[in-house]
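Colleague: Any chance you can model this:
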Amino acid sequence: MNRILKVACIFEDGMNPYLFELDQRREISDVVREICEHAHKADHTSFAFKFVENDNYITNQNRLLLKDGSVLKLVKSPEGAAIELLEQLSNSTGKTAEQRLPLYEELEKEAKDSHFSKIFVDKRGLEIIKKYVETTIQNKGEKSVPDLKVLGLAVSALFYMQNHPEVLKDHPWSAYKDSFFNQVMAFVQESKGATPVVSRAGLLLCSAWVQHTNPARGFTAVYSKIYKGLGEIPVRSDNADTQEAAVKLINALIGMAPKEMRAEVFTKLEKLDVKGALAKRVQSQVTSTLAHELYVLQTHLLSEKAERAHYDFSVHDKDCVGKLATLRDGLAQFQDDIRAGASYNAALGYTKSQDKAKDFVGYPGVLALDNLSHFAVRREELYKKMVLDQLSREEEYICPFIQMGKRLTALLLEIFNVGEATTNGGGAQAADHSPPQFLPLFYAVDHPFEQLFGVSLELLFRTWREMEAKRTDMDKVINVVRRQLLAVISNPEKMPADVQKFKTMVFSNTYEDIKLQEVQASDERVQDQLKSDALVDIKSEKRDAMVEVVREQRLHFMCSGAWFHPIIKGKVRTEQRFFAMLAPSFKELKWSEVESMPTESSDVTPTLTELPRQIEVESIVWIEYGTEVPPLKELKNKKAIDEYKRLAFGFNLGQEDWLTFVALDRETASKWMDGLRMLNDKRPLEPETRSDVDTLVDMEMNIVLMNLHGVTLPPSKPEVPPLPLDPEPAGSATVGSADDDLDL
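Modeller: Residues are numbered from 1 along each chain as shown. Sure thing, here's the model as predicted:
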């Protein structure tokens, strides 16, 4: 984590913004004092920072949300703001609604911050709000629009303050009398439509009442009396805030509904066409809070599927029996096309040939049958084509339709956390792989779960073919399909609201793409492991050892000798050469006289004793490389400098006498250059040497990681079997020709 952040601070008095570095290790109060000194504010304890994005106070608890480029705002401290607002509210008796309106607008905004709310409530601020709400409602006479707005803001502020865990712990909703809720809601019902603020406030208050009290109190009152079986909840409101509050209340009612009433609640939601009412909203920009409520609602509605997943097939259930017959009847007219010896059981992949109903006993129960029969009816021609295509294959390569349909159903339930515990009015506790938000597709189409299943089933069959899978590979295929689906579903912002577009997106992620992603993910995991402090230390030790290994290799390469071109009279003499060699003791460097390039038949490599000239290695003190070699700088042809700069090096023999080496190839040049450096105890600089060291270090670290994971290397290399006599590859038996490809 970056501890030093570059941030900006703006001021309410119009002072120029101040750019500074914020050390995350310092107390926020110390940073506030520093900024107050810069801004010439007398008492730093009266000030605090706020996030510009959401207007929440910055504390030591939420400071990790700051990042480079964040903008802070210096404002009154929450203590100061709470005291000032309390005084203004206490002194507002006798003022008009227009005069109170700015105070309650500020109160509702501040109430969304937990730090402010805790201070405000501890100073008995809730009593002031409750008293104002009750007095205003009891006051007879027609109320103006400003009156209604102030009342709505007061109730909203009450809701936001009460819902903070810090406040809720000491001031639970259950402590409120039912008469307070009934009084407020009666007024809301009487004045509905007058202003969205009042309607929204009533919905929020009801959601809190339902969620935080015994179902016999909150749920019964709201469901049966106030909103009369959901029928009067304004879920179709054109006002986005009101619609969001309506969804929040629906989620609370579903989450708190007694078990015996859940079916009734879901039935009424279906009659209300709640999904259809929200379809237009999800196509536009959705706020983060509405997105959360839509995700919670999505999870609730999908929870019906969980009940079917735990319901076993029964021969006494006419619906189940009829759906089982649907799968069979869909293939009846193709009996002649089913290859000899195959049966309906084989065609559909049943495991219980004598009692097919047993295939739908146990999780995911008859939900898998629901999905498969829905697909067989809605996609009849594709269903027949898919099953018959599988029967054209050898038995071990057949994709068992029923078994894979069951596994796919279980996979979708897993992805959507269907049936998992809920919080915040019913929000599913998403697993790491689950979509964190709602899916627009869920609200845009009828039978979204079944339609997602249909597309996923097509994807599964295509992937089966791409993998050339066998029956023993069912788990592998499901894992690949999981990744293909999650690549789209786990990114709700790009999730389309159209089934065909969703199909296009998931089909674009092929099995080959998945394999490539696995390799990349594996490489990233290795790199992450290599960044740990312990492995960094090990890698440093390994690098030192590998540099020594490369040093030995370079010096032994020099001991084998090499031919070089000389530079004579300002020109590289490519028609001439001389031979140089390092002595095995690494203490002497010997070389021959310059000679003309021989013909290939007369080329003879001299031995060390045949080399007439030599120099002690320790006496070589001035070595230059590339363009720094004086004889190379003096070349008459300047283009030749660029041509030979990566091949040339040399050392001074005394005064202005230089022995210059121009290697015949880059490999020789790089090994001799770094060999000379390492002879003089200098670090290697050539990229080829660094690459060799990196390769060796990576190999050593891979061995370290294998040891950490308990992987042992075999003591000897494996035997390679002889080439087969028959060049036909194994497993090339008919698995389905190109003509059999499905148009999926």
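Colleague: Check which helix or strand residue 6 maps to.
Modeller: Counting by DSSP states H and E, the element that carries residue 6 is strand 4-11.
Colleague: From the contact counts, what lies against that strand?
Modeller: Here strand 4-11 touches strand 18-23, strand 71-76, going by 3 or more C-beta pairs under 8 Å, 6 or more residues apart in numbering; DSSP states H and E. Where C-beta positions appear, they are placed from N, C-alpha and C, glycine not excepted.
Colleague: Name the strands paired with it and say parallel or antiparallel.
Modeller: Looking at strand 4-11 with DSSP bridges, its partner strands are strand 18-23 (antiparallel), strand 71-76 (parallel).
Colleague: who's in contact with that strand?
Modeller: Outside strand 4-11, the residues that touch it by C-beta atoms under 8 Å, 6 or more residues apart in numbering are 17-24, 35, 39, 49, 52, 66-74.
Colleague: now stretch 260-279
Modeller: By C-beta under 8 Å, 6+ apart, stretch 260-279 touches 223, 229-231, 233, 235-236, 243, 247, 250, 253-254, 257, 294, 297, 301, 304, 442-444.
Colleague: again with stretch 617-630
Modeller: 582, 586-589, 632-633, 641, 645-646, 648-652, 656, 658, 660, 673, 676-677, 679-680.
Colleague: so where is the stretch 551-700 of the chain shaky, pLDDT-wise?
Modeller: Residue ranges of the stretch 551-700 of the chain with pLDDT under 70: 599-602.
Colleague: same question, the stretch 351-500 of the chain
Modeller: Within the stretch 351-500 of the chain, the segments meeting pLDDT under 70 span 352-354, 419-437, 492-493.
Colleague: any chance you could map the strands in it?
Modeller: 422-423, 427-428 (DSSP state E, counting those that start in this stretch).
Colleague: where are the low-confidence patches of the stretch 201-350 of the chain?
Modeller: Using pLDDT under 70, the stretch 201-350 of the chain drops low at 229-231, 330-347.
Colleague: one more time with 90
Modeller: Where the stretch 201-350 of the chain drops to pLDDT under 90, the residues are 201-203, 205-206, 213-218, 220-242, 259-292, 295, 298-321, 323-350.
Colleague: Among the contacts of stretch 617-630, name the buried ones.
Modeller: 582, 586, 588-589, 632, 641, 645-646, 648-651, 658, 660, 673, 676-677, 679 (16 or more other C-beta atoms under 10 Å).
Colleague: picking that back up, pull the strand holding residue 6 out as PDB, backbone CA atoms only.
Modeller: C-alpha atoms of strand 4-11 as PDB (Å, rounded to 0.1, in the frame of the first residue of the first chain):
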ATOM      1  CA  ILE A   4       2.400   8.700   1.000                       C
ATOM      2  CA  LEU A   5      -0.500  10.100  -0.900                       C
ATOM      3  CA  LYS A   6      -0.700  13.200  -3.100                       C
ATOM      4  CA  VAL A   7      -4.000  14.900  -2.300                       C
ATOM      5  CA  ALA A   8      -5.700  18.300  -2.300                       C
ATOM      6  CA  CYS A   9      -7.700  20.200   0.300                       C
ATOM      7  CA  ILE A  10     -10.400  22.700  -0.600                       C
ATOM      8  CA  PHE A  11     -11.900  25.300   1.900                       C
END
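Colleague: if I look at residue 678, how far off is residue 557?
Modeller: Using C-beta to C-beta, to the nearest Å, one obtains 12 Å as the distance from residue 678 to residue 557.
Colleague: what about those two, which has more around it?
Modeller: More neighbours surround residue 678 than the other of residue 678 and residue 557, with 20 against 16 (other C-beta atoms under 10 Å).
Colleague: Identify the residue spatially nearest to the more buried one, adjacent ones excluded.
Modeller: Nearest non-adjacent residue to residue 678, counting by C-beta to C-beta, 6 or more residues apart in numbering: residue 551, 4.6 Å away.
Colleague: which ones are touching that neighbour?
Modeller: Counted by C-beta under 8 Å, 6+ apart, residue 551 has contacts 675, 678, 684.
Colleague: Next, report how far stretch 694-703 is displaced from the centre of its chain.
Modeller: On the basis of C-alpha atoms, centre = their mean, to the nearest Å, stretch 694-703 sits 30 Å off its chain's mean C-alpha point.
Colleague: List the buried residues for that stretch?
Modeller: 696, 697, 700, 701.
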